[in-house]
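Asker: take a look and give me a structure for this.
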Amino acid sequence: MKQIIVGAREPQTLARFWAAALGATASRDNGGFLVTPGADGGVPMLFTQIDESETPPVWPDLLLSSAEGTIAEHIRALQDLGADILRDGLLGPIVVVGLGSVVMADPEGHEFTVESTDAERDEVIRTLDAGREVDTSHSYFAGRLPDPCFMSTARAEIRHQ
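Answerer: Numbers count the residues shown, from 1 in each chain. Sure, this is the predicted structure:
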């Protein structure tokens with residue numbers, strides 16, 4: 001794949017959001033604003049102007065996972081950039097530190113999913129394997145509690161992700 005082209009009402013604003021969210025750079029390009037991936041690679045994204053009356057095409061499913069830090073830190077950073085939390089992701093609600101996913105929207109409402117990192121999931125598995133309870137007091141969603149069968153099935157579900 002050479003490039004992802006995204007129609008946007010405010011292409012410069014959206015390019016800046018995605019450049020910051022992905023650790024990439026944004027620059028003016030013929031007909032739009034180009035987001036060039038960082039050293040870890042990826043596909044460039046070109047944000048082009050659409051007319052206010054146009055309906056943007058369907059947005060692709062994007063899955064983000066932070067290479068460093070925690071999912072909670074990643075979510076907070078994305079919110080600081082203008083993203084909103086919409087709902088729990090396919091991996092379920094984040095009820096413990098490092099477990100789950102959440103669906104967010106960029107400043108123009110395009111949805112994407114943020115998931116916990118491999119390191120966070122590994123830590124949850126080590127904690128459960130040791131027979132200890134997972135500390136939820138520092139979770140981004142600390143007020144949410146797991147359903148009754150969650151802890152008994154968490155280890156198997158995490159390993160199958």
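Asker: please report the distance of the closest residue to residue 64 other than its chain neighbours from residue 107.
Answerer: Counting by C-beta to C-beta, 6 or more residues apart in numbering, residue 64 lies nearest to residue 114, which is 4.9 Å off, once chain neighbours are set aside. Any C-beta I mention is one placed from the backbone N, CA and C, and that applies to glycine too. Remark: distance between residue 114 and residue 107 (C-beta to C-beta, to the nearest Å) = 15 Å.
Asker: when those two are compared, which one has more neighbours?
Answerer: For residue 114 versus residue 107, neighbours defined as other C-beta atoms under 10 Å are more numerous around residue 114 (25 against 17).
Asker: for the residue nearest the centre of the chain, what are its contacts?
Answerer: The residue lying closest to the centre of the chain (C-alpha atoms, centre = their mean) is residue 114, at 2.3 Å. Residue 114 makes contact with 64-66, 71, 74-75, 78, 89, 101-102, 104, according to C-beta atoms under 8 Å, 6 or more residues apart in numbering.
Asker: the residue of the chain most remote from its centre in helix, strand or coil?
Answerer: Going by C-alpha atoms, centre = their mean, the residue of the chain most distant from its centre is residue 131, 29.9 Å out. With DSSP: H, G, I helix; E, B strand; the rest coil as the basis, the three-state label of residue 131 is coil.
Asker: ok, residue 14 next?
Answerer: What three-state DSSP gives for residue 14 is helix.
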